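In: Please work out how this folds:
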Amino acid sequence: MENKISRQRESLSSRLGFIFLSAGCAIGLGNVWRFPYVTGKYGGALFVLVYLFFLLALGLPIMVMEFSIGRASRQNIGKAFKSLEKPGTKWHLYGPFAIAGNYLLMMFYTTITGWLLYYCYASLTGTFSGLDTAGINVFFGKLLANPLQQAFWMILAVIIGFTIVGIGLEKGVENITKVMMACLLVLILILAVHSLTISGSREGVKFYLLPDISKARESGFGEMVFAAMGQAFFTLSLGIGSMEIFGSYIEKKHTLTGESIRIIILDTFVALTSGLIIFPAAFAYGINPDAGPQLLFVTMPNIFNNMPGNRIWSTLFFVFMSFAALSTLIAVFENITSYWMDVHKWTRVRSCVFNTISVIVLSLPCIFGFNIWAGFQPFGVGTNILDLEDFFVSTTLLPLGSLIILIFCTHKIGWGWDDFIREADTGSGIKFPQKMKFYAKWILPFIITFIFIDGYIKTLGKLF
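Out: Residues are numbered from 1 along each chain as shown. Alright, predicted model coming up:
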């Protein structure tokens, strides 16, 4: 039966396609609007070292497990557990929740992608030229206040994503993502080199990368460690099957630990290099770099306005950011589309048409949260529907999903350690360390549970 499923299922044509697709899913807004900021805040290279440790200790094992479930089952996350679980167990009940997590993620990620596309257009047409910080703030505020304008760009982002998915796995998703990721890597290098050559950029590099124990001491070493742990855990978007789907499309030629390490290296490269774009330029022009949407949509245009050739550099930056966002959109849309193809036996085109309409409708509350529904502030003054949706994904489904995957792969009540290792180590390349069994089985679940509880305490604490 498994061989029959494998023959019928679509597959990726190349190893590079798998790596770029998986990295494209991991590389997103968090690589740019949060990682550089927390790196600078918590001690530069000192934070990076702690972050890399947790990336390997937390992210790598779960990524290997998610890929293993996909490759062994040859199914979308909606059916994968059912094909691997032992008779009488109910692991498959998580499948629909994982898919729901993909929809929840897209309910706000599509809106932000739409903003980025709009900023590409505004940069190209010179809209930001001559605007000061206050003017750019007003520009962004007008965008948020206009639901029709936001909806137009969100719909464009959704149509682009599902059109690529609708073309097919190999011809559309794989080939276009490979080109997009190659362009992304070239653009980020060009932008970083340019920032590093600006007069006065050296201070920004020092702030960003030189180890500074005083910063870590000022914030508290415990807080720095937890910030590194949280960034490492959430950067790879594990737990909702966004990676698992690509595991289901690859052959067994290479071990999954080696492939996961390559994907993590790409994700980390983009995160680190993003800081080399932001901090040298910000320090050169005396602009304080922020975090979150404010960094991308207010601070960065303000930085570029100080540069000669500002329209060119601003356009290149927002094209780079649009590629990063669209690569995540395409990966998640493929997961959603595959669910309807695997579970409901729909054609790819029918699945894409249905989900294009569904995602557009589901994305509207996020847009309305900035204007006609702005009175709804779920976590207190200044919060909105986007914050609520992000809470359900980042603070709830990602850690819980990762915990379920972890227990499923390490305990006999699930798939089990032996079956997981057999799948993970099939092929040539780096094997999964057998000595990590105790750590993966007992210690890692405790760490993820701690991250989950801490996230709830910090978020809900804002209400009291």
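
In: Identify the residues contacting Leu29.
Out: Contacts for Leu29 (CB atoms under 8 Å, 6 or more residues apart in numbering) come out as 109, 112, 296, 321, 324-325. The C-beta positions use only the backbone N, C-alpha and C, and glycine is treated the same way.

In: brain fart, Ala228
Out: Contacts of Ala228 (CB under 8 Å, 6+ apart): 38, 42, 47, 50-51, 53-54.

In: Report the mean confidence score over the top helix by length along the chain.
Out: The longest helix of the chain (DSSP state H) is helix 310-344. Confidence for helix 310-344, expressed as mean pLDDT, is 95.

In: Averaged pLDDT, stretch 195-206. What do you get?
Out: Averaged across stretch 195-206, the pLDDT comes to 93.

In: Most neighbours among the contacts of Leu29, which one is it?
Out: Sorting those by how many neighbours each has (other CB atoms under 10 Å) puts Met321 first, at 28 neighbours.

In: Contacts only, for that one.
Out: Met321 neighbours (CB under 8 Å, 6+ apart): 29, 32, 116, 119, 296.

In: Kindly present these as TSV, with separate columns for distance to Leu131.
Out: Converted to TSV, these look like this (distance: CB to CB, whole Å):
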residue	distance to Leu131
Leu29	23
Val32	21
Leu116	18
Tyr119	13
Leu296	16
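
In: Show me which of those residues is closest to Ser242.
Out: Comparing the contacts of Met321 against Ser242 with CB to CB places Leu29 closest, at 14.5 Å.

In: Gly200 versus that closest one, what's the distance?
Out: 28 Å (CB to CB, to the nearest Å).

In: residues contacting Arg71?
Out: 247-248, 250, 252, 256, 423.

In: before we move on, what about Phe333?
Out: Phe333 makes contact with 106, 161-162, 164-165, 352, 355, 359 under the criterion CB under 8 Å, 6+ apart.

In: one more time with 10 Å
Out: For Phe333, the contact set (CB atoms under 10 Å, 6 or more residues apart in numbering) comprises 102, 106, 110, 158, 160-166, 173, 326, 351-352, 355-356, 359.

In: circling back to that earlier point, just the buried ones from the contacts of Arg71?
Out: Applying 16 or more other CB atoms under 10 Å to these, the neighbour count classes 247-248, 250, 256, 423 as buried.

In: Among these, which lie within strands?
Out: Applying DSSP state E to those, no entry is found in strands.

In: What about Val205, how many residues nearby?
Out: Close neighbours of Val205, defined as other CB under 10 Å, add up to 17.

In: Next one: it relative to Arg262, how far apart?
Out: As defined by CB to CB, Val205 lies at a distance of 27 Å from Arg262.

In: How about Ala145?
Out: In terms of CB to CB, Ala145 sits 43 Å off from Arg262.

In: closest to Lys462 among the contacts of Arg71?
Out: Using CB to CB, the contacts of Arg71 come closest to Lys462 at Gly247, 36.8 Å.

In: close enough to count as contact, the closest one and Ile263?
Out: No. If you go by CB atoms under 10 Å, Gly247 and Ile263 don't touch, sitting 11.2 Å apart.

In: Could you tell me which residues touch both of the two?
Out: Shared contacts of Gly247 and Ile263, defined by CB under 10 Å, 6+ apart, comprise 18, 22, 63, 67.

In: Return the subset of those residues lying in strands.
Out: Using DSSP E, none of the shared contacts of Gly247 and Ile263 sit in strands.

In: Give me the below-cutoff pLDDT ranges for the stretch 1-150 of the chain.
Out: Under the criterion pLDDT under 70, the flagged ranges of the stretch 1-150 of the chain are 1-8.

In: can you rerun that using 80?
Out: For the stretch 1-150 of the chain, applying pLDDT under 80 flags the ranges 1-9.

In: Break down it into its helices, ranges please.
Out: With DSSP state H, counting those that start in this stretch, the ranges of helices along the stretch 1-150 of the chain come out as 2-8, 15-26, 29-33, 35-41, 45-54, 60-73, 77-84, 94-124, 133-145, 147-167.

In: Of all the ones you listed, which one comes closest to Asp454?
Out: Among those, helix 45-54 comes nearest to Asp454, with 14.1 Å by CB to CB.

In: list the buried ones in the closest one?
Out: 46-48, 50-51, 54.

In: which strands and helices sit next to that helix?
Out: Packing partners of helix 45-54 (3 or more CB pairs under 10 Å, 6 or more residues apart in numbering; DSSP states H and E): helix 35-41, helix 202-209, helix 213-219, helix 221-234, helix 256-284.

In: so which of these gets nearest Leu93?
Out: Nearest to Leu93 among the helices and strands packed on helix 45-54 is helix 221-234 (23.7 Å), distances taken as CB to CB.

In: Alpha carbons of the closest one, as PDB, please.
Out: Taking Å, rounded to 0.1, in the frame of the first residue of the first chain, the C-alpha atoms of helix 221-234 are listed here in PDB:
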ATOM      1  CA  PHE A 221      21.400  36.500  31.700                       C
ATOM      2  CA  GLY A 222      18.300  34.500  32.300                       C
ATOM      3  CA  GLU A 223      16.200  36.800  30.100                       C
ATOM      4  CA  MET A 224      18.900  36.700  27.400                       C
ATOM      5  CA  VAL A 225      18.900  32.900  27.500                       C
ATOM      6  CA  PHE A 226      15.100  32.700  27.300                       C
ATOM      7  CA  ALA A 227      15.000  35.200  24.400                       C
ATOM      8  CA  ALA A 228      17.500  33.100  22.500                       C
ATOM      9  CA  MET A 229      15.500  29.900  23.300                       C
ATOM     10  CA  GLY A 230      12.300  31.500  22.100                       C
ATOM     11  CA  GLN A 231      13.800  32.900  18.900                       C
ATOM     12  CA  ALA A 232      15.400  29.600  18.100                       C
ATOM     13  CA  PHE A 233      12.100  27.700  18.700                       C
ATOM     14  CA  PHE A 234       9.800  29.900  16.800                       C
END
